[in-house]
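**Q** For reference, the sequence and a predicted model appear below.
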Amino acid sequence: DGDVYKYYADGEWKTASSGKTVAIINPTTRKTQYKVQACSQEEVNKVMDLAKSAQKLWAKTPLWKRAELLHKAAAILKEHKAPIAECLVKEIAKPAKDAVTEVVRSGDLISYTAEEGVRILGEGKFLVSDSFPGNERTKYCLTSKIPLGVILAIPPFNYPVNLAVSKIAPALIAGNSIVLKPPTQGAVSGLHMIHCFHLAGFPKGLINCVTGKGSEIGDFLTMHPGVNCISFTGGDTGIGISKKAGMIPLQMELGGKDACIVLEDADLDLVAINIIKGGFSYSGQRCTAVKVVLVIESVADALVEKVKANVAKLTVGPPEDDSDITPVVSESSANYIEGLVLDAKEKGATFCQEYKREGNLIWPLLLDHVRPDMRIAWEEPFGPVLPVIRINSVEEGIHHCNASNFGLQGCVFTKDVNKAILISDAMETGTVQINSAPARGPDHFPFQGIKDSGIGSQGITNSINMMTKVKTTVINLP
Ligand code: G3P
């Protein structure tokens with residue numbers, strides 16, 4: 001009943017001393033697929049010590065050598081795309097093709113990070129004192145970027161590989177060490193990915209991966225005095241982490257309720273395609289998914305018809321068949337989504353399709369005439385259910401978007417670029433896409449949320465900078 005996987009510390013694969021494991025349930029079969037080690041707090045302590053000493057040496061390793069190892073890891077990761085993608089299919093029910101894409105994208109992300117790191121960490125600043133009033137030219141200031149130390153990386157279940165390497169690669173190129181706590185669903189994909197770094201030949205103790213129960217090691221990790229920075233992507237547990245964490249830099253990407261504002265002059269075929277891609281890819285389990293459509297009433301009927309026609313084309317089934325819509329990650333997630341659907345039903349939303357669920361598999365559902373008193377107008381289903389709210393003015397749409405506690409991304413569809421830019425400026429979100437669905441990538445673009453959607457900014461360049469600190473040396477001339 002499930003292969004048992006070891007955790008990774010000190011360059012070795014280890015079994016937890018407790019003898020306990022955590023089960024990973026295949027969302028499709030709802031049976032145990034794999035088991036991972038339930039690490040103890042004592043084991044976490046050991047890993048922290050190892051990561052700290054390995055980091056000291058790594059920071060002295062030449063930048064080009066760090067980059068070389070990252071390029072090697074990227075190539076190995078791409079070579080292993082098939083077995084890793086298979087894990088993604090079994091653990092998180094990601095459609096087969098998307099699973100391969102995630103691994104390849106991750107290899108590219110690592111390589112780009114290595115190149116970017118060489119460039120931006122390879123240069124510093126030189127300042128002279130006489131530009132500030134009252135000073136002679138007697139002080140030369142040299143700046144460089146130094147690593148923070150041990151980075152705790154906590155990726156979410158929906159991109160256990162890509163959102164792990166988006167933290168690991170910047171940390172490593174900048175001279176930090178890594179403690180990775182993978183999500184339980186996605187842990188084995190994460191361990192396979194770590195194995196690629198192992199094969200690349202990174203020093204022992206520099207990269208570690210602990211698995212286990214959140215209740216046993218979650219807070220213990222995030223509040224550990226050995227951690228110098230936390231990079232977290234996930235749900236609202238991130239808010240709790242940010243309150244409990246010590247005086248360390250935090251990079252957080254939490255949820256989103258990305259709005260899609262559709263104006264009268266929009267190309268409705270383009271909008272419909274993007275609503276399908278944005279709302280239903282990976283069954284809506286993306287923080288950047290389109291989570292509410294705000295459409296001007298005069299074009300709403302036409303748009304809903306087009307989206308309905310496209311929803312009808314979506315295939316529903318197991319991820320192995322590369323279905324568009326696959327089972328959501330867990331039973332509790334499916335139950336939560338169902339709760340939102342039932343609430344909308346009770347309050348009179350128009351169901352464009354019949355609601356259908358088998359186990360964790362939920363058929364794609366478009367809900368029209370959603371009103372602000374319905375939970376689905378505000379909460380993120382993280383599933384294939386999309387609400388449409390009809391609006392009478394652009395201002396009404398912007399108001400709905402900004403009334404959300406989230407502020408990750410949003411999108412606006414119009415042929416009038418001037419209007420689009422004004423709307424983008426008015427939307428309180430980290431990014432606004434004009435005439436396309438929200439998305440994090442390409443992975444070197446800045447990616448950030450405001451309000452409850454996050455702290456700091458990601459994207460390759462921003463992550464490298466975030467995982468460093470400025471160090472200055474001042475030469476005082478006689
Ligand atoms: O949900 C995670 C978030 O980072 C989305 O990424 O690439 O699907 O836009 P992406």
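**A** Arrived safely, thanks for sending. Nothing here was measured: the structure is a model prediction, and the numbers come from that model. Numbering: from 1, shown residues only.
**Q** Spell out which parts of the protein neighbour the ligand.
**A** The chain comes close to the ligand at residues 158-159, 286-288, 439-441, as judged by Cβ under 6 Å from any ligand atom. All C-beta atoms are positioned from the backbone trio N, CA, C, and that covers glycine.
**Q** which one of the residues you listed has the most neighbours?
**A** C287 (29 neighbours; other Cβ atoms under 10 Å).
**Q** residues in contact with that one?
**A** Going by Cβ atoms under 8 Å, 6 or more residues apart in numbering, C287 touches 158, 233, 253-256, 380, 408, 449, 453.
**Q** now these in CSV, with secondary structure?
**A** Supplementary listing: the contacts of C287 in CSV, determined by DSSP: H, G, I helix; E, B strand; the rest coil:
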residue, secondary structure
N158, coil
T233, strand
E253, strand
L254, coil
G255, coil
G256, coil
E380, coil
L408, coil
G449, coil
S453, coil
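**Q** Can you tell me which of the residues you listed is nearest the ligand?
**A** N158 (5.0 Å; Cβ to the nearest ligand atom).
**Q** contacting residues around that closest one?
**A** With Cβ under 8 Å, 6+ apart as the criterion, the residues that contact N158 are 92, 186, 282, 285-287, 329.
**Q** The stretch 351-478 of the chain: strands as residue ranges?
**A** Listed in chain order, the strands of the stretch 351-478 of the chain (DSSP state E, counting those that start in this stretch) span residues 357-358, 361-362, 365-368, 385-391, 406-407, 409-413, 431-434, 447-448, 450-451, 454-455, 457-458, 468-476.
**Q** Most tightly packed of those?
**A** For those, the stretch with the most neighbours on average is strand 409-413, a mean of 29; neighbours defined as mean count of other Cβ atoms under 10 Å.
**Q** Off-centre distance for it?
**A** 19 Å (Cα atoms, centre = their mean, to the nearest Å).
**Q** count of residues packed around T461?
**A** Taking other Cβ under 10 Å as the criterion, the count of residues near T461 is 19.
**Q** Also W64?
**A** The burial metric for W64, expressed as a neighbour count using other Cβ under 10 Å, is 10.
**Q** Equivalent analysis for the one 10 residues further on, please.
**A** For A74, the neighbour count with other Cβ under 10 Å is 24.
**Q** Quick one, grab the pLDDT at it.
**A** Predicted confidence (pLDDT) at A74: the value is 99.
**Q** How about D1?
**A** D1 carries a pLDDT value of 68.
**Q** contacting residues for L63?
**A** Counting by Cβ under 8 Å, 6+ apart, L63 makes contact with 117-118, 121-122, 173.
**Q** about what we covered before: from the residues of the chain next to the ligand, which is closest to K60?
**A** Of all these, the one sitting nearest K60 is Y159; the distance, using Cβ to Cβ, is 32.2 Å.
**Q** Distance of M427 relative to R357?
**A** Using Cβ to Cβ, to the nearest Å, we find M427 at a distance of 33 Å from R357.
**Q** which residues of the stretch 151-300 of the chain fall in strands?
**A** According to DSSP E, counting those that start in this stretch, the stretch 151-300 of the chain carries its strands in the segments 177-180, 207-209, 229-233, 250-253, 258-262, 290-296.
**Q** Now mean pLDDT and mean neighbour count too, for those, in TSV please.
**A** Supplementary listing: the strands of the stretch 151-300 of the chain in TSV, determined by pLDDT from 0 to 100; neighbours: other Cβ atoms under 10 Å:
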stretch	mean pLDDT	mean neighbour count
strand 177-180	98	27
strand 207-209	98	27
strand 229-233	98	26
strand 250-253	98	23
strand 258-262	99	28
strand 290-296	98	27
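**Q** Now do the residue of the stretch 1-150 of the chain found nearest the ligand: how many residues are near it, please.
**A** For the stretch 1-150 of the chain, the nearest residue to the ligand under the criterion Cβ to the nearest ligand atom is R105, separated by 8.2 Å. Other residues within reach of R105 by the criterion other Cβ under 10 Å amount to 18.
**Q** Tell me the secondary structure of it, please.
**A** When the structure is reduced to helix, strand and coil (three-state DSSP), R105 reads as helix.
**Q** pLDDT wise, what is E305 at?
**A** Looking at E305, its pLDDT reads 98.
**Q** can I assume D108 sits in a helix?
**A** Yes - assessed by three-state DSSP, D108 belongs to a helix.
**Q** To what extent is it buried, counted in neighbours?
**A** The burial metric for D108, expressed as a neighbour count using other Cβ under 10 Å, is 19.
**Q** hang on, it packs against A74?
**A** Yes - counting by Cβ atoms under 8 Å, D108 sits close enough to A74 to count as a contact (7.3 Å).
**Q** okay, the residues of the chain next to the ligand in a markdown table with pLDDT and distance to N274 next?
**A** Output for the residues of the chain next to the ligand, formatted as a markdown table (pLDDT from 0 to 100; distance: Cβ to Cβ, whole Å):
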| residue | pLDDT | distance to N274 |
| --- | --- | --- |
| N158 | 98 | 19 |
| Y159 | 98 | 20 |
| R286 | 98 | 14 |
| C287 | 97 | 17 |
| T288 | 98 | 12 |
| A439 | 98 | 10 |
| R440 | 97 | 15 |
| G441 | 94 | 15 |
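**Q** and the contacts of L63, which two are the farthest apart?
**A** Maximum pairwise distance among the contacts of L63 (Cβ to Cβ): 10.7 Å, between G122 and I173.
**Q** Looking at these two now, which is surrounded by more residues?
**A** Using other Cβ under 10 Å as the criterion, G122 and I173 rank with I173 on top: 28 against 12.
**Q** The spatially closest residue to that one that is not a sequence neighbour in helix, strand or coil?
**A** Computed as Cβ to Cβ, 6 or more residues apart in numbering, the closest residue to I173 that is not its neighbour in sequence is G117, at 3.2 Å. For G117, the reduced secondary structure class is helix; criterion used: three-state DSSP.
**Q** Neighbours of G117, how many?
**A** 27.
**Q** what's the answer for E338, then?
**A** By other Cβ under 10 Å, 16 other residues sit near E338.
**Q** next one: D416
**A** D416 sits with 14 neighbouring residues when counted by other Cβ under 10 Å.
**Q** Pull the contacting residues for it.
**A** When the contact criterion is Cβ under 8 Å, 6+ apart, the partners of D416 are 263, 265.
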